[in-house]
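A.B. asks: okay, here's the prediction I keep looking at, along with the sequence it came from:
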Amino acid sequence: MAHAHKLEILRGLIKFKSNTQKIWGVLILLSIVTAVEVVLGIYKPASLMTVVGGMKLLNWIFIILTIVKAYYITWDFMHMRDETAGLRRAVVWTAVFLISYLIFILLQEGGYVFDVYDEEFVKRDF
Amino acid sequence: MDTSIASTGTAEKTWGGGNEPFKASYGKLMMWFFIVSDALTFSGFLAAYGFSRFKFIDSWPIADEVFTHVPFLHGQELPMIYVAFMTFILIISSVTMVLAVDAGHNMNKSKVSIYLFLTIIFGAIFVGSQAWEWATFIKGDYGAVQTQGGNILQFGEYVEKDGEQVFKRVAIADFTQAGERVRVQDQRKTGIWYRSEGTLPNYTVDEVYSGLEANPNILVRTQIINEEGHKTILSREESLKAIKDNGKVVVEGANLRANEYGTALFADFFFFITGFHGFHVFSGVVFNIIIFFNVLIGTYERRGSYEMVEKVGLYWHFVDLVWVFVFTFFYLV
């Protein structure tokens, strides 16, 4: 099993000498991202509380950072970077399409149910 | 033999078999199949959580007020710290796992076993932490009153902190006197053999009400989130009225029917999603232990390939991947 590893991350910005070195590099990257999330989660800066696209800016940042982490776990820890394009697309596109669809449908419906409770004649305050 | 078998002449063609378009072994492909389907299961749970959250967008519990505990630091409010530690442990275990896979590619038996051992240890630490997190969540610390309509009313008082008035939660046990118990827990051995009930709360709503009357500084906090992102605090008159008119039962801690943090769905999803994830981690630790012993007795050395470590590694990283999302949607957002 002496297949080659691609040893660069961040579109070639950082190049590693060996696979082991790349693993530690990715660990540092993931730790930094997690630390940023935790610090933002504890302090919750007031400037990030503005609502953009139906959600707080801070929550958008959390979700984007989570997807960044998911990318590096899949690409470097699960070796997706070294698999053929066909395998990569079969796994990632299937999941991304189905999950986005599911999330859209359920969140849309949840928001609608909230509106019904909020505006129509349903009493919850007792 | 050539003369007895009709040659179809397809051996070298695309559909003749023997093609490996993905250049991956059967086992690895099947692991990826499983991971995609499991990812859909988890996203089903998380999307359902999102649905319920959007449904109760103005009254969902604030995670920072619920998960504030750290082992050995009793009584201090430290949101995020412990769960960040758990996330870090799981990421570290992913790193040791991928190092084991890497050592396997180099056929380095001793390194594979060391890294696998570390992965098992970190996995066990994570499962243990989750058990502790569950225990703390189930036990609760302040208690609350559930209303007729299923809403949760919590208690607290304004205290001076750094020259500012801040609202501080007060536990029911701190201002309520438990009276004489009129009713005892219905058990199968005492009543009808097929009927029993859960533990009765330590206080009745009437006792909480008289405790509230006797302590003029204590106020009631509702579930509703106001414009500043805090829970609404009622005035003294409103507090007394809310408990008297709507109070139904005292809730301490959490179970699947009610919890002191807010809507019942919050605890239901917490138990279901972190429980399902914890079960995955537990299974992963078991798989790791199995292949760890296989490595030790030299099974893969004789087989000439450590691919089994790689396949279990894929599963283990997937568990880490799911936790990253659970962490975001349960503790951060």
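C.D. replies: Perfect, I can see it now.

A.B. asks: give me the domain ranges for chain B.
C.D. replies: Annotated domains of chain B cover B:47-141+B:265-332, B:144-250 [automatic domain parsing].

A.B. asks: surely residue A:14 meets residue A:8?
C.D. replies: Yes. Under the criterion of Cβ atoms under 8 Å, residue A:14 makes contact with residue A:8 at 6.6 Å. The way it works is simple: take the backbone N, C-alpha and C, and place the C-beta from them, glycine included.

A.B. asks: what strand or helix carries residue A:90?
C.D. replies: Per DSSP states H and E, residue A:90 falls inside helix A:85-119.

A.B. asks: what comes up buried for that helix?
C.D. replies: A:87, A:88, A:90, A:91, A:95, A:99, A:102, A:106, A:107, A:110, A:114, A:117 (16 or more other Cβ atoms under 10 Å in any protein chain shown).

A.B. asks: now do the strands in the chain.
C.D. replies: Using chain A. A:8-9, A:14-15, A:51-52, A:55-56 (DSSP state E).

A.B. asks: please refer instead to chain B.
C.D. replies: Assigned by DSSP E, the strands in chain B fall at B:144-147, B:152-161, B:164-169, B:218-225, B:231-233, B:247-251.

A.B. asks: mean pLDDT lowest where, among these?
C.D. replies: Of all the strands of chain B, mean pLDDT reaches its minimum on strand B:164-169 (a mean of 89).

A.B. asks: note down every partner strand of that strand and its orientation.
C.D. replies: Strand B:164-169 sits in its sheet next to strand B:152-161 (antiparallel), going by DSSP bridges.

A.B. asks: tilt between the strand it pairs with and strand B:218-225?
C.D. replies: 120 degrees (axes from the mean of the first three to the mean of the last three Cα atoms, to 10 degrees).

A.B. asks: find the nearest non-adjacent residue to the residue in chain B positioned nearest to chain A, please.
C.D. replies: Relative to chain A, the nearest point of chain B is residue B:54 (3.0 Å; Cβ to the nearest Cβ). Of all residues not flanking residue B:54 in the chain, residue A:110 sits nearest, at 3.0 Å (Cβ to Cβ, 6 or more residues apart in numbering or on different chains).

A.B. asks: which pLDDT value belongs to that neighbour?
C.D. replies: We have a pLDDT of 94 for residue A:110.

A.B. asks: ok, now residue A:44?
C.D. replies: What the model reports as pLDDT for residue A:44 is 85.

A.B. asks: now do the contacts for it.
C.D. replies: residue A:58 (Cβ atoms under 8 Å, 6 or more residues apart in numbering or on different chains).

A.B. asks: re earlier: surely the residue nearest to residue B:54 touches residue B:53?
C.D. replies: Yes. Applying Cβ under 8 Å, one finds residue A:110 in contact with residue B:53, separated by 7.0 Å.

A.B. asks: check contacts around the residue nearest the centre of chain B.
C.D. replies: In chain B, the residue lying closest to the centroid (Cα atoms, centre = their mean) is residue B:274, at 2.6 Å. Contact analysis of residue B:274 by Cβ under 8 Å, 6+ apart lists B:130, B:133, B:134, B:326, B:330.

A.B. asks: mind listing what the fourth one touches?
C.D. replies: Residues near residue B:326 by Cβ under 8 Å, 6+ apart: B:46, B:273, B:274, B:277.

A.B. asks: returning to what we had before: what separates the helix holding residue A:90 from the chain centre, distance-wise?
C.D. replies: For helix A:85-119, the separation from the chain centroid amounts to 14 Å (computed by Cα atoms, centre = their mean, to the nearest Å).

A.B. asks: over to stretch B:82-101?
C.D. replies: Between the centre of stretch B:82-101 and the centre of its chain there are 17 Å (Cα atoms, centre = their mean).

A.B. asks: if you look at it, does any of it touch chain A?
C.D. replies: Yes. Counting by Cβ under 8 Å from any Cβ of the partner chain, chain A has neighbours in stretch B:82-101: B:84, B:87, B:88, B:91, B:92, B:94, B:95, B:97, B:98, B:99, B:101.
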